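[1] With the sequence up front, the predicted model follows.
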Amino acid sequence: MLAKELEQAVKNKRVKSILFEVDSPGGEVGGVAEFANMIYQARQTKPIYSYATSLSASAGYWLQSATTKSYAGKTAFIGSVGVLHASYVNDNKKLIITSKYAPKKHLNAGDKDWKQGVKEKIDHLESFFHADLSRFRGVSIAHVQNEFGQGDVLNAEQALKARMIDEISTFEDVLGKLGISMEENDEIKGMLAALADEQRTSMTAFQENINALANKMGVLSNKMTAFETQNTQMQTDLQGFKAAYETLEQENQAEQERKEAITHLFDVMLAGNDPHKGRYNELKAQCLADSTIDLPKARENLIDLRSKLSNGTTPTPAGADTSMGAMPITFDAKVDELVKQGITKGKAIIQVGNQHPELYKEHIIRKQGGA
């Protein structure tokens, strides 16, 4: 957060200088060196000042030392330069290890060998700390090691003498050096607080928008799932409709062939003038209307009606085969030949009957059994 605000302040042309108000006992070492160097680089662009109100210790002073000018109040403490490591061992006993040049940072002792291993690690970190302070404050590393309190904190006068700070002043005086009054400072703080509130409000609104979008995405996902389910059902229904349509087409085709065969049967049998033609046409209409009557049944009905109407007086042709269903071999052969070519039997009978009406008529007479 501080790094981002510093970057914005450095880039803002309306900001002429920057002041850090420091009141910190320090903290974890992670990220401190990076932010301290960021401050040090930024002071090449515009002046950066720091003011220690009461305590600028350890990592807090690491950051303050990187500014262009460092100030402190009379009662402020500055220092605690060094690195400390805390661990818990048997029975939750807390052991504190301090870095090489900070024997006064924390007076505690632990196991000698373990302590030496830890000291090597934190001494290495301390070397970075000292190198930065030397560069930031313009003094030697030896000066930092010997004069910057050796892990202890110094009062403001001691810190000034050790060249840890540049001047002892009041916060109001430092603001005055920057051309800012206390009223203006309070106004700036108020503006920053309002900006922070606005940012929090914006983030809250943004999160609410994200949540609303997530909810909409969830609703959309549910609708897509429902659509996919509906589409699958429609595909299944479509396949069912297609199968039903094909079945209906087959049934219509079969019905058409049935009617054509029955029509042809009556047309051949009733050729010429027949006194009972009206009765035969009635039977024909009945056979055509009843889809359960196939060609053999229609033939049977026609023979039966003809037998009743003729009252048994119709002579049997000479040499006729009176067994029911016997067909001349030539007629059967021609029908079978067309069937072998892929034509349905009903169409084959119609085609042979059209081409050879005399054979078909003889065939019907034979089916009548001589009636």
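    Cool, got the structure. Since this is a predicted model, take the numbers as computed values, not measurements.
[2] only C-alpha atoms for contact and neighbour calcs from this point on.
    Will do.
[3] other SSEs contacting the helix or strand hosting residue 228?
    Remark: residue 228 resides in helix 182-269, with elements defined by DSSP states H and E. Here helix 182-269 touches helix 171-177, helix 277-289, helix 295-310, helix 345-355, helix 357-367, going by 3 or more CA pairs under 8 Å, 6 or more residues apart in numbering; DSSP states H and E.
[4] Show me what the top strand by length along the chain is in contact with.
    If you go by DSSP state E, the chain has its longest strand at strand 48-57. Contact partners of strand 48-57, identified using CA atoms under 8 Å, 6 or more residues apart in numbering, comprise 17-26, 39, 42, 64, 67-73, 75-81, 153, 171, 174.
[5] Name only those of those that count as buried.
    Neighbour counting by 16 or more other CA atoms under 10 Å classes 17-20, 22-26, 39, 42, 64, 67-73, 76-81, 153, 171, 174 among the contacts of strand 48-57 as buried.
[6] Which members of those occur in strands, if any?
    Reading strands off the buried ones among the contacts of strand 48-57 with DSSP E, I get 18-20, 22-24, 69-72, 77-79, 153.
[7] okay, the residues you listed in CSV with pLDDT and distance to residue 193 next?
    What follows is those, written out as CSV (pLDDT from 0 to 100; distance: CA to CA, whole Å):
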residue, pLDDT, distance to residue 193
18, 94, 17
19, 94, 16
20, 94, 16
22, 94, 18
23, 94, 19
24, 94, 20
69, 95, 26
70, 95, 25
71, 95, 24
72, 93, 24
77, 89, 28
78, 92, 28
79, 90, 30
153, 93, 32
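[8] And those residues, which is closest to residue 159?
    Nearest to residue 159 among these, counting by CA to CA, is residue 78 at 6.6 Å.
[9] which residues does the closest one contact?
    The contact partners of residue 78, by CA under 8 Å, 6+ apart, come to 52, 55, 56, 57, 61, 153, 154, 155, 156, 159, 164.
[10] 10 Å - rerun?
    For residue 78, the contacting residues are 23-25, 52-58, 60-61, 64, 72, 148-149, 152-156, 158-160, 164-165, by CA atoms under 10 Å, 6 or more residues apart in numbering.
[11] Pull the number of nearby residues for residue 238.
    For residue 238, the count of nearby residues is 12 (other CA atoms under 10 Å).
[12] And for residue 142?
    For residue 142, the number of neighbouring residues by other CA under 10 Å comes to 12.
[13] Please apply the same query to the one 5 residues further on.
    The number of residues packed near residue 147 is 16, by other CA under 10 Å.
[14] pLDDT below threshold where in the stretch 51-200 of the chain?
    Across the stretch 51-200 of the chain, residues meeting the criterion (pLDDT under 70) sit at 107-111, 113-114, 185.
[15] Show me what the one helix or strand residue 34 maps to packs onto, helices and strands only.
    Using DSSP H and E, residue 34 falls within helix 32-42. If you count contacts as 3 or more CA pairs under 10 Å, 6 or more residues apart in numbering; DSSP states H and E, helix 32-42 packs onto helix 2-11, strand 48-57, helix 59-64, helix 112-137.
[16] Give me the residues contacting the first one.
    In this case it means helix 2-11. Applying CA under 10 Å, 6+ apart, the external contacts of helix 2-11 come out as 1, 12, 15-18, 20, 34-36, 38-39, 42-43, 45-48.
[17] what is the mean pLDDT for it?
    For helix 2-11, mean pLDDT rounds to 91.
[18] pull the CA atoms of it into CSV?
    Provided in CSV are the C-alpha atoms of helix 2-11 (Å, rounded to 0.1, in the frame of the first residue of the first chain):
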residue,chain,number,x,y,z
LEU,A,2,2.8,2.5,1.0
ALA,A,3,4.8,1.6,-2.1
LYS,A,4,1.8,2.3,-4.3
GLU,A,5,1.1,5.6,-2.6
LEU,A,6,4.8,6.6,-2.9
GLU,A,7,4.8,5.8,-6.6
GLN,A,8,1.7,7.9,-7.2
ALA,A,9,3.1,10.8,-5.2
VAL,A,10,6.4,10.7,-7.2
LYS,A,11,4.5,10.7,-10.5
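[19] going forward, begin numbering at 3 instead of 1
    Happy to do that; since the first residue is 3 now, the last one works out to helix 4-13.
[20] Can you give the distance of that helix from its chain's centre?
    Counting by CA atoms, centre = their mean, to the nearest Å, helix 4-13 is centred 36 Å from the centre of its parent chain.
[21] and what of the last one?
    Taking CA atoms, centre = their mean, one finds the center of helix 114-139 at 49 Å from the center of the full chain.
[22] That one packs against which elements?
    Using 3+ CA pairs under 10 Å, 6+ apart as the contact criterion, the elements in contact with helix 114-139 are helix 34-44, helix 61-66, strand 71-74, strand 86-90, strand 96-100, helix 143-149.
[23] Quick one: distance of the longest one to the chain centre.
    Relative to its parent chain, helix 34-44 has a centroid offset of 41 Å by CA atoms, centre = their mean.
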